[in-house]
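*Asks:* Have a look at this prediction, sequence included:
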Amino acid sequence: MNSSEHFETGLKMAEAIGGAKGYEAVQAVLRDMPELGRYVVEFGFGGIYARSGLDLKQREIASISSLISQGDSADQLRFHFHAALHVGLTREEVVEVILHCLPHVGIPKVMNAMRVFQTIADGQE
């Protein structure tokens, strides 16, 4: 695939993962940070997310776990929490993923992630 094909695949994948909210979020990144946005769409969604080795639920579990471990990723966690629910993870499963990170990353990062998820689960975002 060339870069324009990766880009088109990435846009479709972003919508498949995040629905209308996901697509809008990607469009905002493309508008506000076009160079970075193109990399995110082509590489992240058009390259990595489009691979066949994991289903979208598994990919969201991996993404959420990684973002929690990094800390300071509330905006990205919001996107991926919405996406996780959109691709079929239940609220209980997302909470379990967050809690599973506790012994690996510590209480502060897990508490911050849980607060972000609560706003999503409560429909505040």
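*Replies:* That came through fine.

*Asks:* Give the full set of residues in contact with the most centrally placed residue in the chain.
*Replies:* For the chain, the residue nearest the mean C-alpha position is residue 80 (2.6 Å; CA atoms, centre = their mean). For residue 80, the contacting residues are 60, 63, 64, 67, by CB atoms under 8 Å, 6 or more residues apart in numbering. C-betas here are computed from N, CA, C, even on glycine.

*Asks:* Give me the pLDDT for the residue lying closest to the second one once chain neighbours are set aside.
*Replies:* With sequence-adjacent residues excluded and distances taken as CB to CB, 6 or more residues apart in numbering, residue 63 is closest to residue 80, at 4.9 Å. At residue 80 the predicted local confidence, pLDDT, stands at 97.

*Asks:* where's residue 80, which helix or strand?
*Replies:* helix 74-86 (DSSP states H and E).

*Asks:* Okay, buried residues for that helix please.
*Replies:* 76, 77, 78, 79, 80, 81, 82, 83, 84, 85, 86 (16 or more other CB atoms under 10 Å).

*Asks:* From residue 44, how far out is the first one?
*Replies:* The spacing between residue 76 and residue 44, counted by CB to CB, to the nearest Å, is 11 Å.

*Asks:* got any ranges where the chain has weak pLDDT?
*Replies:* Along the chain, the model assigns pLDDT under 70 to residues 125.
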